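Enquirer: I need the structure of the sequence given here:
(one chain, ligands or ions: 1)
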Amino acid sequence: MPYRLIKFALSKTHPERRMFRAPAKLKDEYDAVIIGGGGHGLAAAYYLAHDHGMTNVAVVDKGYIGGGGTGRNTAIIRSNYLTPEGVRFYQGSVELFQDLSRELDLNLFYSERGHFTLAHSPASLRTQRWRAEVNKHLGIESEVVGPEFIKRTVPEIDLQVGGKQAPISGALYHPPGAIARHDAVAWAYARGADRRGAEIHQQTAVTGIDIRDGEVAGVHTDKGFIKTKKVLSAVAGWTTHITRMVGLRTPLVIHPLQALVTEPLKPWLNSIVVSASLHLYVSQSSRGELVTGASLDPYELISMRSTLGFAEGLGTGLLDLFPCLGDIKVMRQWAGLCDMTPDFSPLMGTTPVKGFYLDAGWGTWGFKATPICGKTIAFTLARDQDHELIKAFNLSRFEQFELVGEKGAASVGH
Ligand code: PYC
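Expert: Predicted coordinates for the structure are as follows:
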């Protein structure tokens, strides 16, 4: 059997079908260059071609596609935010996600689970009520439920939280809350963009950006210079590195965010469970693994190392909530980089540098925004005008003191 497999693999008669081409070299000029081959950059390339007919586009990434924030999150999708701007934006993403496997012709394992944000105190319950009211006002399925409903839906949960924390007094429940396979999302957008003519250049690092008379003129990479008038930065935790190249200051700070998965288990947890007091979130993937994470590491750092302290802290909270997990083994642990804004809303759109666009400030909520971010930033780049849905997220809000305070809807207390 192994011999036959090797023979098949080496046979020229059945060449392996690639998801996307691997162009030998960069062209001298593109209509747009997207820095960052994560879900966001690839989705932007896809919608530039699909919605705006812009196909002379290069996506460059210093590593491999989906190797940054896209491959380092816990794949939660929801729109139960706190501000009308946030709710409308993320709802756009939920709607695109719901049809994305069909549109991109790849099974993204999109799975609606229902999303609980547990409250352990009157103050937390008040915030959940506030969110529920804003959500309902904007047509989002979201309501506050009591402990009985939670126990009925997730029977394994200990409502007393091991007696160490305040008991669970209710939750914000958001039935459309979902999960998906994050790498499949990146690969599907990559294939869709490539099929429409965009080029994907992995292992290509940006080393500088030329600005002439306040306008983008080109991008320097370790594979040569590219002439272009439009550049999108979609690099999450590396954003400050790129903005420095164009002389732009942002209020971003970078924190690590860790997560882990357990060994696969038989399906038992159908819902996504978040506790802002225990600082954890957990869901069960289609492979049976529990995918779980906590708050940001509480210091600014550009590092993707995993720590034992994180696994121990998260394990303690998980056991308080689900005592049945006592014997379960951790299988993998990882960390990503989060570019945090002061108001916990993204940083998107046009900038004072003509032709330079930002897709940043994703903190811990970037994966769920992938489709709507790609669509709205593609519009913005194609027309040089912020899309209606992202106007509130422009960098200028910080000098105009028009912040979009979304901290109350972060999954856990960062
Ligand atoms: O915002 O849903 C969220 C989230 C989950 C994990 C980190 N952030």
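
Enquirer: ok, whichever residue of the stretch 1-150 of the chain sits closest to the ligand - contacts?
Expert: Relative to the ligand, the nearest point of the stretch 1-150 of the chain is residue 76 (4.1 Å; C-beta to the nearest ligand atom). The C-beta positions use only the backbone N, C-alpha and C, and glycine is treated the same way. By C-beta atoms under 8 Å, 6 or more residues apart in numbering, the contact set of residue 76 is 115, 177, 178, 179, 272, 281, 283, 367, 368, 411.

Enquirer: and which of the residues you listed is nearest residue 220?
Expert: Among those, residue 367 lies closest to residue 220 (C-beta to C-beta), at 29.8 Å.

Enquirer: now the closest one: phi and psi?
Expert: For residue 367, the backbone dihedrals are phi -60, psi -50 (criterion: degrees, to the nearest 10).

Enquirer: please report the distance of it from residue 118.
Expert: 21 Å (C-beta to C-beta, to the nearest Å).

Enquirer: is residue 178 bridged to anything, and to what?
Expert: Beta-bridge pairing of residue 178, defined through DSSP bridges, involves residue 77, residue 112.

Enquirer: count of residues packed around it?
Expert: 23 (other C-beta atoms under 10 Å).

Enquirer: surely it and residue 96 touch.
Expert: No: when contacts are counted by C-beta atoms under 8 Å, residue 178 is not listed as touching residue 96 (12.0 Å).

Enquirer: quick check: closest non-adjacent residue to residue 343.
Expert: residue 403 (3.9 Å; C-beta to C-beta, 6 or more residues apart in numbering).

Enquirer: show the pLDDT at the one you found.
Expert: Note for residue 403: predicted pLDDT of 97.

Enquirer: need the three-state assignment for it.
Expert: coil (DSSP: H, G, I helix; E, B strand; the rest coil).

Enquirer: gap between it and residue 306?
Expert: 33 Å.

Enquirer: and the strands in the stretch 101-250 of the chain?
Expert: Counting by DSSP state E, counting those that start in this stretch, one finds strands in the stretch 101-250 of the chain at the ranges 111-112, 115-119, 143-145, 170-174, 178-179, 199-201, 206-212, 215-221, 224-227, 231-233.

Enquirer: also the stretch 251-400 of the chain?
Expert: With DSSP E, counting those that start in this stretch as the criterion, the stretch 251-400 of the chain has strands spanning 253-262, 272-275, 280-284, 290-296, 330-340, 347-350, 356-360.

Enquirer: adding mean pLDDT and mean neighbour count, write the ones you listed out as CSV.
Expert: Output for those, formatted as CSV (pLDDT from 0 to 100; neighbours: other C-beta atoms under 10 Å):
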stretch, mean pLDDT, mean neighbour count
strand 253-262, 97, 21
strand 272-275, 97, 27
strand 280-284, 97, 24
strand 290-296, 96, 23
strand 330-340, 97, 18
strand 347-350, 98, 24
strand 356-360, 98, 27
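
Enquirer: could you dump the ones you listed to a markdown table with distance to residue 48?
Expert: Formatted as a markdown table, those follow (distance: least, C-beta to C-beta, whole Å):
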| stretch | distance to residue 48 |
| --- | --- |
| strand 253-262 | 27 |
| strand 272-275 | 32 |
| strand 280-284 | 32 |
| strand 290-296 | 31 |
| strand 330-340 | 22 |
| strand 347-350 | 15 |
| strand 356-360 | 11 |
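
Enquirer: redo the ones you listed as a markdown table? Include distance to the ligand.
Expert: Shown next, in a markdown table, are the strands of the stretch 251-400 of the chain (distance: least, C-beta to the nearest ligand atom, whole Å):
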| stretch | distance to the ligand |
| --- | --- |
| strand 253-262 | 7 |
| strand 272-275 | 7 |
| strand 280-284 | 5 |
| strand 290-296 | 5 |
| strand 330-340 | 9 |
| strand 347-350 | 16 |
| strand 356-360 | 16 |
